[in-house]
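Asks: Everything below, folded, please.
(2 chains)
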Amino acid sequence: MTRRPLAIVGPTATGKSALATALAQRHGGVEIISADAMAVYRGMDIGTAKPTAGDRASVRHHLLDVADPAEEFGVARYRQLVDEALGSIDAAHRLPLLVGGTGLYVRAVVDDLRVPGRYPKVAADLAGEPDTAKLHDRLRRLDPAAAVRMEPGNRRRVLRALEVTIGSGRPFSSFGPGLAHYGPTRYVQIGLEIDRGSLDARIEERYDDQIRRGFLAEVLALPQPLSQTAGQALGYRELLAHLRGERSLDEAIDEAKTRTRRFARRQQRWFRRDPRIHWIDAGAPDLVDRAERIWEAESEIEVLAEGSKCDTGGA
RNA sequence: GCGCGGAUGCCCGAGCGGCCUAAGGGAGCGGCCUGCAAAGCCGUGAUUCGCGGGUUCAAAUCCCGCUCCGCGCU
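Replies: Below you'll find the predicted structure:
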């Protein structure tokens, strides 16, 4: 039977990759696309809990190891590479299985986000204004719709919206309905849920395990000036600080675990807002079967692409 | 036993007579977001300051006693 593309999401350390691999192995004809902002970097394996060589040999994975840790990488590049991957998967008459915990990257694929371009000169200009409130006022005049979408103190977001609006001559809000809009999508989304106590325990365990497996050596082997993004990766940032002598190893480990816990919460809050996600308990013994059933059942429901909603409009 | 220092929200910590219904940070919890997203931003906590008395118009802030903790001394 034909299946809609599948997406597996949820907080870190919850078993998304294992589930994806199991489903892919059961089906054949499925290729995995990673939606993980840090797994794109080569050489960052242990700390990002990248799929093993064995998994990658049995199922084709995309969007892993596509950037150098010293190189900047963002959603726009991600989208571009995903498009290429999707093209090749489609040409081979295979099915994509999106897996990952980077909310924005997941949305970029599931909702086919068109990421506006960059306008460095405009951006540099705007950065000269230190008063974020003034910038937000300006955005409110130029693009009221975008202004209400973000909190006034969120400088980074406000700057970007202004950069796009001024640079492109089109309101930032005209590039899409915003992330709060959950429209129809072809993707069947399955979310792995888990109670917080177990999640915390898994994070703790996994980190200790990563340290045992040579996380520190992996960090040492990375190219020195890490890109802005790669340098912030959970665990890496703390271990780097330790190597610079800024904190003890124990402090670094504690800090990394705490920050990972906080990140996992943020992921939970992000994904639970998406009403289209079907949640299943990550600890369920029949996890794969449950996912399978949801995937199958949902695949019978035809979903119109967003653009085709007005097909009947004219006649 | 004596001397000195300390006791403030879950944790750290400012305050040292009125502007304290007690700063700030961290954690937790909640929220936001289309080019750093494992990032960034916002919101939320003590009517109470170890306990009991006293001084004062007014105390977390001063005095007395008690309890506990740290350092030093016998």
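Asks: need the residues of the stretch 1-150 of chain A near RNA strand B, please.
Replies: A:12, A:36-39, A:47-49, A:72-77, A:101-105, A:108, A:113-118, A:146, A:149-150 (CB under 7 Å from any atom of the strand). Just so you know, the C-beta spots here come from the backbone N, C-alpha and C atoms, and that holds for glycine as well.
Asks: Among these, the buried ones, what's the PyMOL command?
Replies: A single PyMOL command selects the buried members of those (16 or more other CB atoms under 10 Å):
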select buried, chain A and resi 12+36+37+38+39+47+48+49+73+75+101+102+103+105+108+113+115+116+146+149+150
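Asks: Cross the residues of the stretch 1-150 of chain A next to RNA strand B against helices and list the overlap.
Replies: A:75-77, A:103-105, A:108, A:146, A:149 (DSSP state H).
Asks: a helix runs through A:Arg56, doesn't it?
Replies: Yes. Judged by DSSP: H, G, I helix; E, B strand; the rest coil, A:Arg56 forms part of a helix.
Asks: right, and it touches A:Leu63 too?
Replies: No. Under the criterion of CB atoms under 8 Å, A:Arg56 makes no contact with A:Leu63, lying 11.9 Å away.
Asks: Out of the two, name the residue with the larger neighbour count.
Replies: The neighbour count for A:Arg56 versus A:Leu63, taken as other CB atoms under 10 Å, is higher for A:Leu63 (23 against 15).
Asks: The residue of chain A found nearest RNA strand B: what's it in contact with?
Replies: Relative to RNA strand B, the nearest point of chain A is A:Gly176 (0.8 Å; CB to the nearest atom of the strand). Going by CB atoms under 8 Å, 6 or more residues apart in numbering, A:Gly176 touches A:113-114.
Asks: Let's see that with 10 Å instead.
Replies: Counting by CB atoms under 10 Å, 6 or more residues apart in numbering, A:Gly176 makes contact with A:107, A:111-116.
Asks: Same check on A:His136?
Replies: So A:His136 contacts A:147, A:150-155, A:157-159, A:161-162 (CB under 10 Å, 6+ apart).
Asks: What segments of chain A are strands?
Replies: Taking DSSP state E to define them, one finds strands in chain A at A:6-9, A:30-34, A:61-62, A:95-99, A:188-193, A:278-281.
Asks: Need the winner for burial among those.
Replies: Burial of the strands of chain A is given as mean neighbour count (mean count of other CB atoms under 10 Å); strand A:6-9 ranks first at a mean of 27.
Asks: what's the spacing between stretch A:199-218 and its chain's center?
Replies: Distance, stretch centre to chain centre, for stretch A:199-218: 21 Å (CA atoms, centre = their mean, to the nearest Å).
Asks: Also stretch A:257-269?
Replies: 14 Å.
Asks: Over to stretch A:122-141?
Replies: How far stretch A:122-141 lies from its chain's middle: 28 Å, per CA atoms, centre = their mean.
Asks: cool, and stretch A:281-294?
Replies: How far stretch A:281-294 lies from its chain's middle: 22 Å, per CA atoms, centre = their mean.
Asks: end-to-end on that stretch?
Replies: Chord length of stretch A:281-294, first to last residue, is 13 Å (CA to CA, to the nearest Å).
Asks: Need the residues that contact that stretch.
Replies: Stretch A:281-294 has contacts (CB under 10 Å, 6+ apart) with A:6, A:8, A:10-11, A:13-16, A:18-23, A:25-27, A:188-195, A:198-199, A:202, A:278-280.
Asks: what sits in contact with each of A:Arg56 and A:Leu63?
Replies: A:Ile32.
Asks: coming back round to it: export the strands of chain A as a markdown table, with columns for mean pLDDT.
Replies: Formatted as a markdown table, these follow (pLDDT from 0 to 100):
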| stretch | mean pLDDT |
| --- | --- |
| strand A:6-9 | 98 |
| strand A:30-34 | 98 |
| strand A:61-62 | 98 |
| strand A:95-99 | 98 |
| strand A:188-193 | 98 |
| strand A:278-281 | 98 |
